[in-house]
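Colleague: Quick one, fold the following:
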Amino acid sequence: MLISLLIAIPQMAAGISVTDKNHATLSGTLIARPKLCMTERKDRSCTMKVELIWQTNQANNFCIYSSQQNALIDCWNNLTAGNKIVPIHATKSINYKLILNNSALPANTEGIDAAVVHANTVASTTVSILSVIHKAAQKNRRRRHAWSLF
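Modeller: The predicted model follows:
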């Protein structure tokens, strides 16, 4: 049986400054809740919903990018804050980035160039997937000797 433990560790990602088309400096934060998912075994995936909460110092057009999907998962126009609940099913940690949605982004949301994402990143956060081996499963030994009758 798979046991997933969800631990809510709110943590703000370090703000990154980006300059918009009007040469204004944009900075912001992106928070993931929960930020950590623990699974019982390495080969098991984590399935849960993550809330992504973002805030910036100026209204503009922003999108959230997922490293797992290599795609934009949602966009907002002329806002300073927003949130999105995303389901995840992953065996590796996922990085999310709040990016400035300018003319450099393609019309489709999939397969975005990493350099474009990096150049327009305002904030980022990571949802970590950790595997924990339970001590009872780790030992996996018989309690009695093989020759014992009782």
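Colleague: could you pull out the helices for this protein?
Modeller: 114-119, 135-139 (DSSP state H).
Colleague: hey, least reliable of the ones you listed by pLDDT?
Modeller: Ranked by mean pLDDT, those end with helix 135-139 at the bottom, a mean of 54.
Colleague: list the contacts for Pro87?
Modeller: Pro87 sits next to 47-50 when contact means CB atoms under 8 Å, 6 or more residues apart in numbering. In this view, the C-beta of every residue, glycine as well, is placed from N, C-alpha and C.
Colleague: hmm, 7 Å instead?
Modeller: Lys49 (CB atoms under 7 Å, 6 or more residues apart in numbering).
Colleague: Need the pLDDT of it.
Modeller: Here, the pLDDT recorded for Pro87 equals 95.
Colleague: now Gln58
Modeller: pLDDT, the model's per-residue confidence, is 93 for Gln58.
Colleague: Likewise for His145?
Modeller: 62.
Colleague: shaky segments in this structure?
Modeller: Of all residues in the chain, those with pLDDT under 70 make up the ranges 1-23, 103-110, 134-146, 148-150.
Colleague: distance of Gln68 from Ala90?
Modeller: Spatial separation of Gln68 from Ala90 under the definition CB to CB, to the nearest Å is 6 Å.
Colleague: cool, and Thr25?
Modeller: As defined by CB to CB, Thr25 lies at a distance of 33 Å from Ala90.
Colleague: Mind checking which of the two has more residues around it?
Modeller: Neighbours of Thr25 and Ala90, each counted by other CB atoms under 10 Å, are more numerous for Ala90; the result is 15 against 10.
Colleague: Help me confirm that Ser124 comes into contact with Ile94.
Modeller: No. Proximity of Ser124 to Ile94 does not meet the contact threshold set by CB atoms under 7 Å, at 11.0 Å.
Colleague: The nearest residue to Thr126 once chain neighbours are set aside: what's it in contact with?
Modeller: Counting by CB to CB, 6 or more residues apart in numbering, Thr126 lies nearest to Asn95, which is 5.0 Å off, once chain neighbours are set aside. Asn95 makes contact with 67, 124, 126, according to CB under 7 Å, 6+ apart.
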